[in-house]
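Chemist: Could you work out the structure for the sequence below:
(3 chains)
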Amino acid sequence: MHMADALLSPAVGATMWVLSGATLGRSATRVRKTLDEGRLPLMGVLGAFVFAVQMLNFAIPGTGSSGHLAGTLFLALLLGPHGAFLTVSSVLVVQALFFADGGLLALGCNLFNMGFFPAFVAYPLIVRPLLAGAPGQGRRALGIILGAVIGLQLGAFGVVLETILSGRTALPFKAFLYAMQPIHLAIGLVEGLATLALVAFLARTRPELLETQSRGRSAWKGALVVAVMALVAGGCFSWFASTRPDGLEWALAKVGQQEIEAPEQSLHGRIAHAQARTALMPDYAFKGGGESRGATSLAGVGGGVLTLLIVGGVGIALRPRRKMA
Amino acid sequence: MSHHLLEGVQLCHRYADGTEALRGLDFCIRHGESVALVGANGAGKSTLLQHLNGTLLPTSGAVKIGGITVCKETLRDIRRTVGMVFQDPDDQLFMSTVFEDVAFGPRNLGLPDADVETRVRQALDRVEIGHLAHKPPFRLSGGEKRRAAIATVLSMSPDVLVMDEPSAGLDPRSRRQLIGLLKDFQHTKLIATHDLDLVLDLCDRTLVMHQGKLMADGPTREIFADAALLEACHLEKPFSMQGCPVCGRT
Amino acid sequence: MANFGDHLRELGALDRLASMDTPIHRLDPRAKVLATLLFILMVASFGRYEVSGLLPFALFPVILGTLGEVPWGLVGKRVLMVLPFALVLGILNPFLDRSQVAFGSWTLSAGWLSFASILLRFALCVGASVILIATTSMDGVCMALERLGLPRVFTLQIALLYRYVFVLLEETLRITRARELRANGRPLLLSEYGSLAGSLFLRTWERARRVHVAMLSRGFEGEFHGASPPHFRSKDAAFLMGWGAVLVVLRLVNLPHLLESLLKGVAS
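Modeler: Numbering: from 1, shown residues only, chains lettered A, B, ... in the order given. Have a look, this model is predicted:
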């Protein structure tokens, strides 16, 4: 899922910009250093490929819905993590600009959620070791699907954290998490299957293109341990989140909003209370207190209408008086 | 020094998968000549072309350009001398505007901005698309793309023009205009094509390839008159040399 | 797969708009990118319940869009396209956030305010982004990003992607059309997907190889030499600083509120 400008606070957006920017810089340096001449056009054209293939939908059996490839993992298999991150980032930039997928402030988040996690976490820790040596079909399928699922789970978790920390929606952390993670489990499986289908096709037709993967010694047992540990940790975390939601939410809310002041009350009461105290449209009728309620009825509404009229007027006044030829 | 000279000496190329694409070619093209390279699909034309600017290097034998053997060390000079026009202009036009694309080569030569600008202008004027300089390549028509692709090569001031299927995908009018344009070029030309009528218009000499070998090398009209040769190489007479389909007269 | 052709057409339409010639198009891309970023940052910086303070920010897209002659239908369409997403994420606010806000005699659940705020943010941010790209060529954006410190390799990557996106979308369109003509309405199954996407990939790979050869043939040795970028003129600086000031003032002063008090002053 694309994180969107409208859900972000500047602090979260800027932090993620810095993180993704640093990753981008590092990747660019690494790619430059290892730039065999053909890399540049290859990455560029592959970016366009990912863009195109993301629109190629296939049916998901038994659901009536359809899915498509996001492609980061596939790119990592071909180009390695640095090349994949750069390529996916370029796709996300073009999507943000042309299709308003996410937006400019959210780019940092999206690069991180959809680029960093699959390319720099799932791929090197799970997929590469599992596919090292000469993997049989079973091990290949396991590695790719596991990698895709874990990459997307992390990405979804990123979206949840960024959204909650920004505090623009009222979605409670737990509910949002419980909605996002299972959805992205499904999306991850679809991503894994699609990547696998593509890799299987290449293994049949042009195995030499995937050669980079079989280099290095097989450490797939280690990777399996990492994967299992990740799943266990995720499970424990969910359990913790479900049994102690207040603690967790409190912690997050505190970081995000600094509005919570009475931890002994029930969560919703607390939030409502805090909001009533601090966040009630500070510039509306409540701040002054002394002002009579009647006088400020419809506070802001008249002004708002007038503002829009002015904006519209400016628009009309500025309209170019160019004659149609 | 016979500077503008393309020469193949027992040129062989075997691909990594074992396919023998070129099996001992000997040819020599002199300064100012306009030569056609014809042959059925898979005859080895494209492989040969890729040897002429060192994109592929021979497995054995050699290619010489102006007396210089094509090898890793000489690539820089070779690529400056030989201008290669690709079959699909989309492969050749990879920058964001026509201007940038035509400027790509001169900039790689390390020329200063002003010289680059002059060269680009001249190249674009030469193919009559000066007005398209700031258009992105994907907004051009097939004929315009082809001209832009040729301009990218002209801006390097090459001595030899090598073209792969220059008339492919063009409508009849664009094709005719392209032929007119190429006729005026003074460069040494090697044109690989299936368009034998274009060959008749542009090339006095023709090389015929079949299964990686050179089957014939001679004056175009003689070769196209040799029905047995054309048949053996899976080719057909150009339309203008076939009988009229209505009255049967040639 | 109707959306395929649509995407292609929309990309094409935006790209054509970007090659127009208006005062906004003539501005330095850096000025436009920075102003848009500042705009989004300011919009994002408002608190969860802000509605009225966001309204004056519509000035930015309205002025740029009008002077840049961007068709409003296009902007509206783009905003509508992301609206479902905004609705899904915001619609729960009124139910989750039930603290009451009084408008004099009325009361309203605060969730409705934050919901309206999210919708407004979406519209403003998406509108501004669309107008940026409709008035600035991709080339210009890449140049701006590079000047703003993004690595060269990355901006080149974007430029190459953009160059070939049209070619590859068309290729994909042809492949899917060929399949659909024989598929008799059957959806694309995963088993076929591998070979469909795979053959598209192989073509892409071959194309990349040919593009590389084309680069090598023109003396490419691993280093791109771009044109020197145009100068940042005083006009561009004025645009950036002017909007910077306006946006900051709009952020600090609640214009509708001010107008409201003016109205009241006039009335009494």
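Chemist: Only C-alpha atoms from now on, for both contacts and neighbour counts.
Modeler: Noted.
Chemist: next one: phi and psi at the residue of chain B found nearest chain A?
Modeler: Residue nearest to chain A within chain B (Cα to the nearest Cα): residue B:94, separated by 8.8 Å. The phi/psi pair for residue B:94 (degrees, to the nearest 10) reads phi -110, psi 0.
Chemist: can you check residue B:36 too?
Modeler: According to degrees, to the nearest 10, residue B:36 has phi -100, psi 150.
Chemist: ok so residue B:35 is a helix residue?
Modeler: No: the assignment for residue B:35 (DSSP: H, G, I helix; E, B strand; the rest coil) gives strand, which keeps it out of a helix.
Chemist: With residue C:114 as the reference, measure out to residue C:46.
Modeler: 11 Å (Cα to Cα, to the nearest Å).
Chemist: Mind checking which of the two has more residues around it?
Modeler: residue C:114 (24 against 18; other Cα atoms under 10 Å in any protein chain shown).
Chemist: List the residues that contact that one.
Modeler: A:168, A:169, C:48, C:49, C:50, C:51, C:90, C:93, C:94 (Cα atoms under 8 Å, 6 or more residues apart in numbering or on different chains).
Chemist: Quick check: it vs residue C:153, distance?
Modeler: 41 Å.
Chemist: same deal with residue B:185?
Modeler: For residue B:185, the distance to residue C:153 - Cα to Cα - is 37 Å.
Chemist: try residue A:144
Modeler: Distance from residue A:144 to residue C:153, counting by Cα to Cα: 28 Å.
Chemist: More neighbours: these two, which one.
Modeler: More crowded of residue A:144 and residue C:153, by other Cα under 10 Å: residue A:144, with 29 against 21.
Chemist: Show the residue spans covered by the helices in the chain.
Modeler: The chain I'm using is chain A. Here chain A has its helices, by DSSP state H, at A:10-33, A:39-53, A:72-99, A:107-111, A:128-131, A:137-166, A:173-205, A:211-214, A:220-243, A:245-257, A:267-274, A:301-318.
Chemist: Sorry, I should have been clearer: chain C.
Modeler: Ranges of helices in chain C, per DSSP H, are C:2-18, C:23-26, C:29-45, C:59-67, C:72-90, C:93-96, C:110-135, C:138-147, C:152-183, C:190-217, C:234-252, C:255-267.
Chemist: Looking at those helices, which is nearest to residue B:149?
Modeler: Closest of these to residue B:149 is helix C:190-217, at 10.1 Å (criterion: Cα to Cα).
Chemist: sorry, back to before: for ChimeraX, what selects the buried ones among the contacts of residue C:114?
Modeler: A single ChimeraX command selects the buried members of these (16 or more other Cα atoms under 10 Å in any protein chain shown):
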select /A:168,169 /C:48,49,50,51,90,93,94
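Chemist: so where is the stretch 101-250 of chain A shaky, pLDDT-wise?
Modeler: Counting by pLDDT under 70, the stretch 101-250 of chain A shows low-confidence ranges at A:211-250.
Chemist: For burial, what's the neighbour tally of residue B:112?
Modeler: The number of residues packed near residue B:112 is 10, by other Cα under 10 Å.
Chemist: Run through the residues of chain B sitting next to chain C.
Modeler: B:53, B:55, B:76, B:79-80, B:83-84, B:86, B:90-92, B:94-96, B:100, B:104-105, B:107-109, B:113, B:137-138, B:153, B:156 (Cα under 8 Å from any Cα of the partner chain).
Chemist: where does the stretch 101-250 of chain C have low pLDDT?
Modeler: C:102-105, C:226-228.
Chemist: Please identify the residues of it in proximity to chain B?
Modeler: C:139, C:159-160, C:163-164, C:166-167, C:207, C:210-211, C:213-221, C:224-227.
Chemist: Could I get the full set of strands for chain B?
Modeler: B:6-14, B:20-29, B:34-38, B:60-65, B:68-69, B:82-85, B:160-164, B:188-192, B:205-210, B:213-219 (DSSP state E).
Chemist: how about TSV for the ones you listed, with mean pLDDT and mean neighbour count added?
Modeler: Output for the strands of chain B, formatted as TSV (pLDDT from 0 to 100; neighbours: other Cα atoms under 10 Å in any protein chain shown):
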stretch	mean pLDDT	mean neighbour count
strand B:6-14	92	20
strand B:20-29	91	18
strand B:34-38	94	26
strand B:60-65	92	21
strand B:68-69	90	16
strand B:82-85	90	27
strand B:160-164	92	24
strand B:188-192	93	24
strand B:205-210	94	23
strand B:213-219	93	17
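Chemist: closest one to residue A:38 among these?
Modeler: Per Cα to Cα, nearest to residue A:38 of the strands of chain B: strand B:82-85, 18.1 Å.
Chemist: So in that sheet, which strands flank the closest one, and in what orientation?
Modeler: With DSSP bridges as the test, strand B:82-85 is paired with strand B:160-164 (parallel).
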